[in-house]
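Trainee: Let's see this in three dimensions:
(one chain, ligands or ions: 2)
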Amino acid sequence: MAKKDLKWGEIGFGYIKTDYRFVSNFKNGEWDEGALTEDENISMIECAGVLQYSQSCFEGLKAYETEDGHIVAFRPDMNAERMMNTCKRLEMPPFPKERFVKAVIDTVAANEDWVPPYGSGATLYIRPFMFGSSAVIGVNPAEEYQFRIFTTPVGPYFKGGAKPITIRVSDFDRAAPRGTGNVKAGLNYAMSLHPIMIAHREGFAENLYLDAATRTRVEETGGANFLFITKDGTVVTPRSDSILPSVTRRSLMYVAEHYLGLKTEERPVYFDEVQDFAECGLCGTAAVISPVGKINDHGHEICFPSGMEKMGPVIQKLYDTLTGIQMGRIEAPEGWIQVIK
Ligand code: PLP
Ligand code: COI
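Mentor: Ligands and ions are numbered 1, 2, ... in the order given. Model prediction:
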């Protein structure tokens, strides 16, 4: 077994086929045992629930090679739980937590050679997902489902890695009150494709979405939660029932309080107060923590004092501590690191 010969430092956030993926099917009310396969293709009926009514959901987490040469995954149990919640909301059959974690371990272990080397800047992205696979024509949930996990080595989600990005305030809403914003449904991302393309065409990296009901509060971006740092060093993150409960954000709030001794607040964040913060970052599995240097609100620019050259000091400390925990340089809280090899 030998690491694949990739230019690890140069890969972006895209799909690279790895050797094995896990597949399990739900039929007659139960999940089968599941197995690893080399086949990356899926064949299904034209009338499948996922194709007609977008009955699909997914997760995202990462595996790392640690400083001492182990392969680990970060908090897969949290993704398992979130996917179970998503499934309930979408009338899909939850994939049991222990089986989810075991399938992550087995899939990563089978693709060991694709785990980017320690220090390369790349990681192995793990994508569990589920979709309605049987025929549906009246608006109903499917009777059969497929759960899969594939892996792909990835580099930074935003071009430029740790360089601050500029985002814009979107005129579109991401999630309705009492809608599906707090679960990881594929449909949340389908609706974001038009706004993200507008943002990209105008030269912005992402969209800041406001709450749909009042458009006064900050929600999140298309693929990450917000962290703000006040001028006196408090870490603030928006509270809302319509944002995705990010595993990275929940981990960072813990790190801020228990590792760095910072004050933390999870509360509604009004767009009006954003100009008063010292630092801003986007956090998520793909984004890790991406510093935001500027927010463009219909031509009016909010420029954070941390600037456009590098991360602000508090976001940098949070980044260093979280990645230190993930890569085995800093002792992790109990249960955060799933050793695979
Ligand atoms: N918010 C949205 C909309 C996302 O798609 C993601 C990515 O999973 C996140 C936040 C970050 O969540 P996590 O830290 O669990 O990856
Ligand atoms: C992740 O961070 O894992 C995500 O799912 C974000 C996605 C939009 C790439």
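Trainee: Based on its surroundings, how many neighbours for the closest residue to ligand 1 within the stretch 51-200 of the chain?
Mentor: The minimum distance from the stretch 51-200 of the chain to ligand 1, using CB to the nearest ligand atom, falls at residue 60 (4.7 Å). For the C-beta atoms, the positions are set from N, CA and C on the backbone; glycine is no exception. Look at residue 60: counted by other CB atoms under 10 Å, it has 18 neighbours.
Trainee: And for residue 33?
Mentor: 7.
Trainee: so it sits in a helix?
Mentor: No - according to DSSP: H, G, I helix; E, B strand; the rest coil, residue 33 belongs to no helix; its state is coil.
Trainee: follow-up on the earlier one: quick one: residues contacting the residue of the stretch 51-200 of the chain closest to ligand 1.
Mentor: Residue 60 makes contacts with 79, 125-127, 284-286, as judged by CB atoms under 8 Å, 6 or more residues apart in numbering.
Trainee: Quick check: phi and psi on it?
Mentor: Per-residue torsions, residue 60: phi -150, psi 130 (degrees, to the nearest 10).
Trainee: Kindly report the same for the one 4 residues further on.
Mentor: Backbone geometry at residue 64, expressed as degrees, to the nearest 10, gives phi -130, psi 150.
Trainee: In this structure residue 19 contacts residue 108, no?
Mentor: No - here residue 19 lies out of contact with residue 108, judged by CB atoms under 8 Å, at a distance of 11.4 Å.
Trainee: These two: which is more packed in?
Mentor: Using other CB under 10 Å as the criterion, residue 19 and residue 108 rank with residue 108 on top: 28 against 15.
Trainee: ok, of the contacts of residue 60, which come out buried?
Mentor: Among the contacts of residue 60, the ones that count as buried by 16 or more other CB atoms under 10 Å are 79, 125-127, 284-286.
Trainee: Is it correct that residue 83 falls within a helix?
Mentor: Yes - using three-state DSSP, the secondary structure at residue 83 is a helix.
Trainee: Can you name the residues that contact it?
Mentor: So residue 83 contacts 57-59, 94-95, 100, 128, 130, 184 (CB under 8 Å, 6+ apart).
Trainee: so how far is residue 244 from it?
Mentor: Separation of residue 83 from residue 244 (CB to CB, to the nearest Å): 12 Å.
Trainee: one step back: now, which of the contacts of residue 60 lie within helices?
Mentor: residue 79 (DSSP state H).
Trainee: so which of the contacts of residue 60 are also by ligand 1?
Mentor: 284-285 (CB under 6 Å from any ligand atom).
Trainee: Same list, the contacts of residue 60, but as CSV with pLDDT and distance to residue 12 please.
Mentor: Output for the contacts of residue 60, formatted as CSV (pLDDT from 0 to 100; distance: CB to CB, whole Å):
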residue, pLDDT, distance to residue 12
79, 98, 23
125, 98, 11
126, 98, 17
127, 98, 16
284, 97, 16
285, 96, 16
286, 92, 11
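Trainee: which bits of this protein sit near ligand 1?
Mentor: 60, 220, 223-225, 244, 246-249, 284-285.
Trainee: and these, which of them are in strands?
Mentor: The strands, defined by DSSP state E, take in 225, 284 from the residues of the chain next to ligand 1.
Trainee: any chance you could map the strands in the stretch 1-150 of the chain?
Mentor: In the stretch 1-150 of the chain, the segments counted as strands under DSSP state E, counting those that start in this stretch are 21-27, 30-31, 35-37, 56-58, 61-65, 71-74, 123-132, 145-154.
Trainee: Pass me the low-pLDDT residue ranges in the stretch 51-200 of the chain, would you?
Mentor: By pLDDT under 70, the stretch 51-200 of the chain has no low-scoring segment.
Trainee: try 80
Mentor: 160-161 (pLDDT under 80).
Trainee: Next one: residue 232 from ligand 2, what distance?
Mentor: Distance of residue 232 to ligand 2, computed by CB to the nearest ligand atom, to the nearest Å: 30 Å.
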